[in-house]
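1. curious how this folds, go ahead:
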Amino acid sequence: MGMLIPLLLASAAVALLSASLGLLLIGSYASASAAHPFVLSSVCGLMIGIGVLVILPETLEGLVHEAGWHATHVLLLFLSSMFALFVLDHCCFEHTHLPPRTPAAAAPPSVEPDAAATLTDAPPAGCEPCEDPPPPPPPPPPPCEALECGCTECGESWPPPGFSRRRRAFRTTAQLLAADEARSGGEAAGKAAEARGAPRRTWRRAARLTLALRMCAWMLHAMIDGMLLSGATSVPALVFTVLPVGICAAQDVSAFTLSMARAGCTRPVLLTANALFAISFPLGAIASYLTMEKAGSHVVLLVIRCVVAGIFVYMAIFELSPPHSHNRYVNAMYSISFAAGALCAISIEAIEEMASSTGENE
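-> Next up is the predicted model:
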């Protein structure tokens with residue numbers, strides 16, 4: 001139980017960071033600033049180094065020599081954890097970008113629109129860097145619809161003109177249903193009778209069920225991130241693990257808040273969802289730690305650490321990788337930052353050995 005107190009402190013710090021950014025997004029609609037691409041590159045190298053150079057070799061050697069596993073089966077388990085997370089994130093979650101603070105038309109008149117778009121390689125805040133550039137925004141709808149749908153669908157600045165900060169523009173479930181009926185045109189006239197009574201209540205229940213399932217999926221995602229903290233076997237390794245998990249949590253809470261707001265959540269529901277999302281990090285860390293502590297055999301611990309190694313590599317590749325750039329200087333700095341992060345991961349073992357040798361001498 002020696003690592004329980006440091007694990008609680010680290011997971012509480014990540015939860016506090018997530019809750020604070022969530023409250024900032026809900027209260028002022030300010031987009032959380034994304035980390036610098038060079039920082040993302042170094043963190044990416046750190047996580048891949050921890051997963052591939054530190055955790056995976058230990059689990060591979062232990063499962064092959066102690067449990068008699070074949071090396072192919074260990075690597076298959078490693079890749080299966082990455083595949084499961086890819087399906088969860090890209091098939092179950094909505095891929096959304098936070099809107100810009102200012103419209104695209106606000107660029108200086110001396111800069112062409114195409115040239116202004118290429119002045120920076122930074123991705124939109126709240127989302128991992130995409131391989132392809134985002135599609136061009138659709139033509140703006142009428143003003144009434146622009147106020148209703150917000151900037152995510154019409155590309156206007158946030159908040160839209162005439163928007164009152166005292167009245168939050170998050171749509172409730174009933175407003176979503178009314179908007180769908182209004183947009184359906186002739187279909188709404190044919191279903192006017194069905195829209196009164198039991199079918200309408202069924203639609204509302206289905207909408208609430210969809211929100212609940214989306215909330216559960218995001219909580220599971222946060223718990224999996226919290227599991228990474230429990231994979232640290234020493235305080236130095238835990239310190240190196242808190243940094244990437246915190247950066248990932250800061251990016252996830254932006255996408256989570258926007259996704260729940262677009263789904264029609266009111267402000268009280270958003271506050272509750274933000275609290276549940278933040279609590280999921282300590283819950284995942286503690287649950288994983290207790291599972292490893294109560295495991296009857298050393299093989300179960302090695303299997304869990306193999307899955308954690310796959311999660312490290314997945315987060316580095318799909319969530320924390322820096323944006324693509326055609327600038328050779330930027331790519332060279334990416335390489336240096338990545339190598340520095342990998343060297344930090346390799347140094348974890350040296351720090352652990354020094355700490356253990358110091359403890360034995362004392």
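
2. may I see the buried residues of stretch 38-53?
-> Of the residues in stretch 38-53, 38-52 count as buried by neighbour count, 16 or more other CB atoms under 10 Å. Bear in mind the C-beta positions are built from the backbone N, C-alpha and C, glycine included.

3. average model confidence for that stretch?
-> Averaging pLDDT along stretch 38-53 gives 87.

4. name the element residue 321 belongs to?
-> Taking DSSP states H and E as the definition, one finds residue 321 inside no helix or strand.

5. what about it, distance to residue 244?
-> For residue 321, the distance to residue 244 (CB to CB, to the nearest Å) stands at 12 Å.

6. which of those two has more residues huddled nearby?
-> Each of residue 321 and residue 244 has its neighbours counted (other CB atoms under 10 Å); residue 244 has more, 24 against 21.

7. check which helices and strands the strand or helix carrying the more buried one is in contact with.
-> Using DSSP H and E, residue 244 falls within helix 235-262. Secondary-structure packing of helix 235-262 (3 or more CB pairs under 8 Å, 6 or more residues apart in numbering; DSSP states H and E): helix 4-28, helix 37-48, helix 198-230, helix 267-293, helix 328-361.

8. which one of the ones you listed lies nearest to residue 304?
-> Nearest of the helices and strands packed on helix 235-262 to residue 304, taken as CB to CB: helix 267-293 at 5.7 Å.

9. buried residues in the closest one?
-> Of the residues in helix 267-293, 269-271, 273-274, 277-286, 288-289, 292 count as buried by neighbour count, 16+ other CB under 10 Å.

10. avg pLDDT for the helix or strand just after it?
-> Once the chain leaves helix 267-293, the next helix or strand it forms, by DSSP H and E, is helix 298-314. When pLDDT is averaged over helix 298-314, the result is 86.

11. tilt between helix 298-314 and helix 37-48?
-> 160 degrees (axes from the mean of the first three to the mean of the last three CA atoms, to 10 degrees).

12. so which bits of helix 298-314 are buried?
-> 301-314.

13. ok, back up a step: could you give the angle of the helix holding residue 244 to helix 4-28?
-> Using the same axes, to 10 degrees: helix 235-262 against helix 4-28 is 30 degrees.

14. tell me the mean pLDDT over helix 235-262?
-> Rounded mean pLDDT across helix 235-262 is 80.
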